[in-house]
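1. Give me a model of this one.
(2 chains)
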Amino acid sequence: MSGFGGVLPWARRTLVEQEQWITAEEFSAMLGICQIVPGPNIVNLGVCVGSRFAGIPGAIAAVLGLMLGPVALLLVLAVLYEHYSYMPIVQGMLRGVSAVGVGLIASTGFKMMRAELKYPLMLLVILMVIVAASYFHLGLGWVVLIASPLAIFLAWKKAKRS
Amino acid sequence: MSALISLFLKFSAFSLLAFGGINALLPVLYDLSVNQEHWIDTQTFSDYFAIAQAAPGPNLMTVTLIGWNVGGVLGAAIATLAISWPSSIMIYFLQRTIMGMQDKDRQQAIQFAAGALAVGLVLSSAWQISLQINHSVAAYLLTISTITITFFTRWHPLYLIAIGAILGVLGFI
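-> Residues are numbered from 1 along each chain as shown, chains lettered A, B, ... in the order given. Next up, the predicted model:
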């Protein structure tokens, strides 16, 4: 529930620093895998951590624990939105928040891109994805399908080199 | 009822393509819920996005809100479940395979490839979504300022969201 601005920093503090359920290295390794697999990152992380302690029931418990509080609060906000969204002040506030929100997503993308600069050829893959998705408006499945061969080829070379 | 089934099937399919998480998926969500299925209009999508960003919790909340709009609490639960279950099952099996891989080159190659796809998808998502939700020069300036500030400072995102909300309430955006 204290996951303002994303749950990840909080998850790390609880799991690694306070409860010491897993080590920092384990957390980073798990997070690395959860971020490369498609799907909601935090749900993936819940599955990884939960299943490590108690198999499938652990995974389900972890994900439900992560989700129930925020979803309940969110539905309260949704009801408030239904009642008050006609007010110009609320509309203005939401416009401001969404403009910031999209900026936050873009900066996440740019920060992730920094890591790619170590092997600049990989920028080709990023460019290819952006052009396919934003210029040609291809569906997500096509974008992934088209960019994957080059991504895998370059990733293999990059891994061999390091 | 058929809307709920369609919601479940489509969100389930997206779950397995969402390299880079829900942030990468936003344009697809927009296209599906606004253009194809007409569940909500552009304004509502953009408002749901704002609420999901401002509320505490994982960033898949936009999905939950779209589900709520389609079918109330049941719809919210179905949408959230649909976006989570296929990738959850996949990661459950994949984490052992990847972490146990003997060939470290191959393990790294998988991470590099998926990482590059994720960067591309997240950036194009931000680009496409900004075209839908920003309607004024001031809104674009706010988006660009957000990117700049996060690059040069270590401010908590919540402060930026609060600033955005205040500027919006004052009528600047």
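2. Where does pLDDT dip in chain A?
-> Applying pLDDT under 70 to chain A flags the ranges A:1-10, A:162.
3. 50 - rerun?
-> Scanning chain A with the threshold set as pLDDT under 50 gives A:1-5.
4. residue nearest the centroid of it?
-> A:Asn41 (4.5 Å; CA atoms, centre = their mean).
5. burial measure for residue 144, as a count.
-> With no chain named, the answer covers chain A. 23 (other CB atoms under 10 Å in any protein chain shown). Yep, even glycine has a C-beta here, placed from its N, CA and C like the rest.
6. switch to chain B, that's the one I care about
-> B:Ile144: 14 surrounding residues under other CB under 10 Å.
7. Next: B:Glu37.
-> The number of residues packed near B:Glu37 is 15, by other CB under 10 Å.
8. measure B:Val28 to chain A for me?
-> Distance of B:Val28 to chain A, given as CB to the nearest CB, to the nearest Å: 5 Å.
9. for B:Gly171, phi and psi?
-> Main-chain torsions, B:Gly171, degrees, to the nearest 10: phi 90, psi 20.
10. Tell me how far it lies from A:Pro70.
-> 30 Å (CB to CB, to the nearest Å).
11. Those two: who's more crowded?
-> Set side by side, B:Gly171 and A:Pro70 show more neighbours around A:Pro70, with 22 against 12, by other CB under 10 Å.
12. thought that one was touching B:Ala54?
-> No - using CB atoms under 8 Å, A:Pro70 is not in contact with B:Ala54; the gap is 11.9 Å.
13. can you map out the helices along chain B?
-> Per DSSP state H, chain B has helices spanning B:2-15, B:22-30, B:42-54, B:61-99, B:104-133, B:137-152, B:157-169. These are given in chain order.
14. sorry, that was for chain A
-> For chain A, the helices defined by DSSP H cover A:8-12, A:24-36, A:41-84, A:88-116, A:123-130, A:140-161.
15. which of the ones you listed sits most buried?
-> helix A:88-116 (a mean of 22; mean count of other CB atoms under 10 Å in any protein chain shown).
16. And B:Gln102, its phi and psi?
-> Backbone geometry at B:Gln102, expressed as degrees, to the nearest 10, gives phi -80, psi -40.
17. so where is chain B shaky, pLDDT-wise?
-> Those would be none, if you go by pLDDT under 50 across chain B.
18. the domain parsing of it - what is it?
-> Following automatic domain parsing, chain B resolves into domains at B:2-129, B:134-173.
19. Let me have the ones you listed in TSV, adding distance to A:Ile33 as columns.
-> Shown next, in TSV, are those (distance: least, CB to CB, whole Å):
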stretch	distance to A:Ile33
domain B:2-129	5
domain B:134-173	24
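20. where's the residue at the greatest distance from the centre of chain B relative to chain A, distance?
-> Distance from the C-alpha centroid of chain B peaks at B:Gln102, with 33.8 Å (CA atoms, centre = their mean). Here B:Gln102 is placed at a distance of 14 Å from chain A (CB to the nearest CB).
21. ok, now B:Leu17?
-> 5 Å.
22. Count the neighbours of that residue for me.
-> B:Leu17 has 21 neighbouring residues, counting by other CB under 10 Å.
23. Grab the nearest non-local neighbour of A:Gly101.
-> Once flanking residues are discounted, A:Gly101 sits nearest to B:Gln53: 3.5 Å by CB to CB, 6 or more residues apart in numbering or on different chains.
24. Could you report the neighbour count for the one you found?
-> Neighbour count of B:Gln53, defined by other CB under 10 Å: 23.
25. again, but for A:Tyr86
-> A:Tyr86 has 8 neighbouring residues, counting by other CB under 10 Å.
26. And it, its phi and psi?
-> Dihedral angles (degrees, to the nearest 10) for A:Tyr86: phi -80, psi -20.
27. distance of it from chain B?
-> Using CB to the nearest CB, A:Tyr86 is found at 12 Å from chain B.
28. how about the nearest residue to A:Ala24 once chain neighbours are set aside, what does it touch?
-> Distance criterion CB to CB, 6+ apart; nearest residue to A:Ala24, sequence neighbours excluded, is A:Val16 at 5.3 Å. Contacts for A:Val16 were tallied using CB atoms under 8 Å, 6 or more residues apart in numbering or on different chains; they are A:Ile22, A:Thr23, A:Ala24, A:Phe27.
29. now for the helices of chain A, which one comes closest to B:Leu131?
-> B:Leu131 lies closest, by CB to CB, to one member of these: helix A:88-116, at 9.6 Å.
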